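Peer 1: Task: produce atomic coordinates for the following.
(one chain, ligands or ions: 1)
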Amino acid sequence: MARQSSLLYLDGVSVSFDGFRALNGLSLVIAPGEMRAIIGPNGAGKTTMMDVITGKTRPDAGEVYFGGEIDLTARDEADIAELGIGRKFQKPTVFESHTVWDNLELALKGPRGPFSTLFHVVSRAERARIEDLLALIRLSARRDDLAANLSHGQKQWLEIGMLLAQDPKLLLVDEPAAGMTDAETAETADLLKDINRTHSVVVVEHDMTFVRALGVKVTVLHEGAVLAEGSLDHVSADERVVEVYLGR
Ligand SMILES: Nc1ncnc2c1ncn2[C@@H]1O[C@H](COP(=O)(O)OP(=O)(O)OP(=O)(O)O)[C@@H](O)[C@H]1O
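Peer 2: Purely as a prediction, here's the structure:
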């Protein structure tokens, strides 16, 4: 796909730490509206790739473009978040002593800052938006509960809801199924599919049951570059992928 028609475009991206190449000529293109799963063994470069996209790490070489035109290597982390790239880290960071509803309300008002938030009256439109988010993240019935009392999986969903409150154009999700029960894992795959109706998503995940449930194109990273790409069945049948995973 040409850079101009892509949502996210990485070409020949390299990152070295003390001479060690964490990314080694990584090229990856995400189409507008797409959901992509990124898999790969430990140390393959998945986290470093997310760090490059969000401006946390600067590449030594290569191109990183958002929306076809915006050079992300020239932007800082705050700029990139403002452009509409939201990142969900592995560990949930919800406000435990606030209710589920208040967490979403705070996220909705985020950029306005705490002082204006204090005196801000929630508009009818904002209430409707919070209701929609609650339904999407499967927490309508838990709206008045403290976030501290949610299960690990529900905290992850709440944090995804808080990111969505900012209406990102691209959502980066790091190992959402880690530590979840089987039922929560299955529900999270459904949740991401729901989100993907209106948002582009890049999800890094180790859990193959989860990746299969997503049913999207998979990119396999190895030693900082793309080893294989295609459906999960296609990449699982690739001998090089099998070798990398089984360490043969
Ligand atoms: N700040 C750093 N300094 C030195 N080496 C680093 C740094 N960050 C990452 N690395 C190294 O770069 C390589 C790629 O790491 P990265 O965390 O991107 O892999 P990953 O695919 O996310 O792995 P995992 O599945 O274990 O999270 C690893 O060998 C790691 O040790």
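
Peer 1: Tell me how far D233 lies from K46.
Peer 2: Taking Cβ to Cβ, to the nearest Å as the measure, D233 falls 21 Å from K46. The way it works is simple: take the backbone N, C-alpha and C, and place the C-beta from them, glycine included.

Peer 1: Correct me if wrong: L136 contacts L163.
Peer 2: No: contact status for L136 versus L163: not in contact, 11.7 Å apart, counting by Cβ atoms under 8 Å.

Peer 1: The ligand contacts on the chain?
Peer 2: Residues of the chain lying close to the ligand (Cβ under 6 Å from any ligand atom) are 17, 20, 22, 40, 42-48.

Peer 1: Which of the residues you listed sits closest to A148?
Peer 2: T47 (27.5 Å; Cβ to Cβ).

Peer 1: was I right about that closest one contacting D174?
Peer 2: Yes: the criterion here is Cβ under 8 Å, and T47 meets it with D174 at 7.2 Å.

Peer 1: residues shared between the contacts of these two?
Peer 2: Shared contacts of T47 and D174 (Cβ atoms under 8 Å, 6 or more residues apart in numbering): V204.

Peer 1: what about the nearest residue to I70 once chain neighbours are set aside, distance to D174?
Peer 2: Distances taken as Cβ to Cβ, 6 or more residues apart in numbering place L83 nearest to I70, at 6.4 Å, with adjacent residues excluded. Taking Cβ to Cβ as the measure, L83 and D174 are separated by 19 Å.

Peer 1: Export the helix or strand encompassing S16 to CSV, keeping only CA atoms.
Peer 2: Assigned by DSSP states H and E, S16 belongs to strand 8-17. What follows is strand 8-17, C-alpha atoms only, in CSV (Å, rounded to 0.1, in the frame of the first residue of the first chain):
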residue,chain,number,x,y,z
LEU,A,8,0.3,4.1,9.7
TYR,A,9,3.4,3.6,7.6
LEU,A,10,6.8,2.3,8.8
ASP,A,11,9.6,1.8,6.3
GLY,A,12,13.1,0.5,7.1
VAL,A,13,12.8,1.5,10.8
SER,A,14,15.9,0.7,12.9
VAL,A,15,16.6,1.3,16.6
SER,A,16,19.8,0.3,18.4
PHE,A,17,20.5,0.2,22.1
